[in-house]
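[1] I need the structure of the sequence given here:
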Amino acid sequence: MSTFESNSDGVSQRVNSPRFSGPMTRRAHSFKRNNTNTTAVSGGSLTTHNEVELQINSNSPRSEEVSEAVLERKHGGHHHHHHNHQNYVSQRVHGGVVKGFLKRPLESIAADLGFRERKKIGHWMFLVFCGVCLFMGVVKICATGWLGSAIEKAQSHQELSDSNGIDNLNLMDQRSVGYAYRSQEGDVERTLKTVETRGVGSQTAKESDVWSKPNSENFTQCIDLSKNHKKLDAKTNGYILVNANGGLNQMRFGICDMVAVARIMKATLVLPSLDHTSYWADQSGFKDLFDWKHFIDTLKDDIHIVETLPQAYTGIQPFSKTPISWSKVPYYKTEVLPLLKQHKVIYFTHTDSRLANNGIPRSIQKLRCRVNYRALRYSAPVEEFGNKLVSRMQQNGNPYLALHLRYEKDMLAFTGCSHNLTSEEGEELRQMRYEVGHWKEKEINGTERRLLGGCPLTPRETSLLLRALDFPSHTRIYLVAGEAYGKGSMKYLEDDFPNIFSHSSLSSEEELNHFKNHQNMLAGIDYVVALQSDIFLYTYDGNMAKAVQGHRRFENFKKTINPDKMNFVKLVDQLDEGNISWKKFSSKVKKLHKDSIGAPYLREPGEFPKLEESFYANPLPGCICETRKEQILGLGAL
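    Got it, this is the predicted structure:
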């Protein structure tokens, strides 16, 4: 971003004026009128008259002329009035000088010229000089064709703006771009630096804007234990067994909630087990997916965590309980804690969404974030391979975009969205929806849902979005999702953006063997790559999108594009119907997403907890605090 400053040099207009001749001024204050009566002797008679007495400055250019006139008057033997003296001087200047101009040297002429006359001559000489310079400038412009070149350049720029998106992208492919790295506390943060080449300066500037991040300088992480944090009591009210249900990110949220619940009830948490009955049927355990020793050690000052249930309690039948969704602290203290004290071991059958987003004590909110962003570190194989793919995506210093294209079969069947699919594919999705018992909604009007923004963007719609936001065709894209559903559905996106990668295309078969049939571990790898990307874009607000965008907000608000699907698909339909030009479409899309890039804003409570913004998608307030500039300045002064 360029910064413009006002130019106030403090120099007066007079100094810059070509008529200004230095410190010389008219000495009007040096002229004194003598009103006293003066007596002169002329032929024995007395004559009384008023005379102007001139105070002559020896340095004045008129002093020599006036002195000569005074001497001549004295030797003439007669008296003159003041106006006669002026006529005499005028005749001398305008007559004598002109008549003897060709017969006298220049020095003598200059001596006889008055100040005003010399000043007029100087002005005329200056005007002549300016005229010559102007004439030479015009000749120069005409000879070099500069003016014509400027007009052609302006016309070319206008034609470029009016061209369609594909032409724009082709032009952007020809640019030369360089990047520089910036490392800050081990974080993979990079600042894009464009190298402008001849003829593409505006394009590189536009591309730089695409990768710019939102302003978050006044915000910081605030999840550390407070100074008055009470030391963990060695006693426990009982043991909690949990089965984290759902996919990877749904399980992450559930585990965070269960740690908080254990803290609320002063209970001991047994290392969670993971769901093996979800759509992916992944058999990975907690120790396969997460660094379990790091998990226990990080939370040792918050709750007691044991690897397995102690031998003394193995004979006790756990009390099964499904906590009420979106509950707050009083629910667990008044209704669940008595059950724990009575049975000593309680088993929570579900862990997802068991705590409300808002209305939770700040200490508990901070704890949830310590679990999510510090304790739940992926296992070494997942972290190491994820970082390896990050370095491959950053080839030659290029930035990359992580795209969560949730156009997968299970999501389309769940939402009932079959836009741009064949009738056979739509029927296949409908049958799948009926076969899954816990999906309560069966009959869905996909067309209406799409217009309400309830459908994932199709690959073609995603391509239109990226192009409208001025992403160049050479943008490197990492797919954070499974295989897109529908025959040929990826063609539009792949044609417009050929540099699309995934963990499969970036890896050898040997490298992926370790993660074969472990979809949650592969999802963990994608999570690592998405978290460290320059931009994260999601096409459906699922658990993966919530988890990654929330984590990116926590990590200094890395740029995340949240599409306004409801209004965007309406623009797409207008474009397809020919009711709007590409230029207008692109302009409206940019305006629509101007404030949807992951910048800081406060999460607000809603009327119904289920409809509120997820705490894990936006941990502000709770885990991110605003630091006032005044406080920073004050601390700096101390």
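[2] CA only for contacts and neighbour counts going forward, please
    Noted.
[3] pLDDT below threshold where in the stretch 301-450 of the chain?
    Applying pLDDT under 70 to the stretch 301-450 of the chain flags no residue at all.
[4] pLDDT-wise, which helix or strand of this protein ranks last?
    strand 180-181 (a mean of 30; mean pLDDT, DSSP states H and E).
[5] How about Val390, nearest residue that isn't a chain neighbour?
    Spatial nearest neighbour of Val390, excluding adjacent residues (Cα to Cα, 6 or more residues apart in numbering): Val529 at 5.5 Å.
[6] Tell me if I'm right that the one you found and Leu389 touch.
    Yes - the pair Val529 and Leu389 passes the contact test of Cα atoms under 8 Å, sitting 6.8 Å apart.
[7] Can you pick out the residue with more neighbours from these two?
    Taking other Cα atoms under 10 Å, Val529 and Leu389 do not tie; Val529 has more neighbours (29 against 19).
[8] so what pLDDT did the more buried one get?
    On pLDDT, Val529 comes in at 98.
[9] now do Leu633
    So Leu633 comes in at 40 (pLDDT).
[10] the helices in the stretch 401-550 of the chain, which residues?
    409-415, 423-435, 446-451, 459-468, 491-496, 509-513, 519-531, 543-554 (DSSP state H, counting those that start in this stretch).
[11] hmm, who's touching the second one?
    Helix 423-435 is contacted by residues 409-410, 412-414, 416, 418, 439, 442, 486 when judged by Cα atoms under 8 Å, 6 or more residues apart in numbering.
[12] Swap in 10 Å and give it another go.
    409-422, 439-444, 446, 485-487 (Cα atoms under 10 Å, 6 or more residues apart in numbering).
[13] follow-up on the earlier one: intersection of neighbour lists for Val529 and Leu389?
    478, 502-503.
[14] Format those as JSON lines; extra columns: pLDDT and distance to Arg374.
    Shown next, in JSON lines, are those (pLDDT from 0 to 100; distance: Cα to Cα, whole Å):
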{"residue": "Tyr478", "pLDDT": "98", "distance to Arg374": "25"}
{"residue": "Ser502", "pLDDT": "96", "distance to Arg374": "26"}
{"residue": "His503", "pLDDT": "96", "distance to Arg374": "24"}
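[15] Show me which of the residues you listed is closest to Ala599.
    Distances from Ala599 to the shared contacts of Val529 and Leu389, taken as Cα to Cα, are shortest for Tyr478 (22.2 Å).
[16] Asn237: neighbour count?
    When neighbours are counted by other Cα under 10 Å, Asn237 comes out with 18.
[17] so it is in which element?
    Counting by DSSP states H and E, no helix or strand carries Asn237.
[18] What of the one 3 residues further on?
    Assignment of secondary structure by DSSP H and E places Ile240 within strand 239-244.
[19] picking that back up, okay, the helices of the stretch 401-550 of the chain in TSV with distance to Pro619 next?
    Below are the helices of the stretch 401-550 of the chain laid out as TSV (distance: least, Cα to Cα, whole Å):
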stretch	distance to Pro619
helix 409-415	26
helix 423-435	33
helix 446-451	28
helix 459-468	27
helix 491-496	33
helix 509-513	34
helix 519-531	16
helix 543-554	7
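[20] Asn579: which of those is closest?
    So among these, helix 459-468 is nearest, using Cα to Cα, at 16.0 Å.
[21] need the contact list for Phe536.
    Contacts for Phe536 (Cα under 10 Å, 6+ apart) come out as 400-404, 477-478, 480, 529-530, 545, 548-549, 552, 558-562, 597-598.
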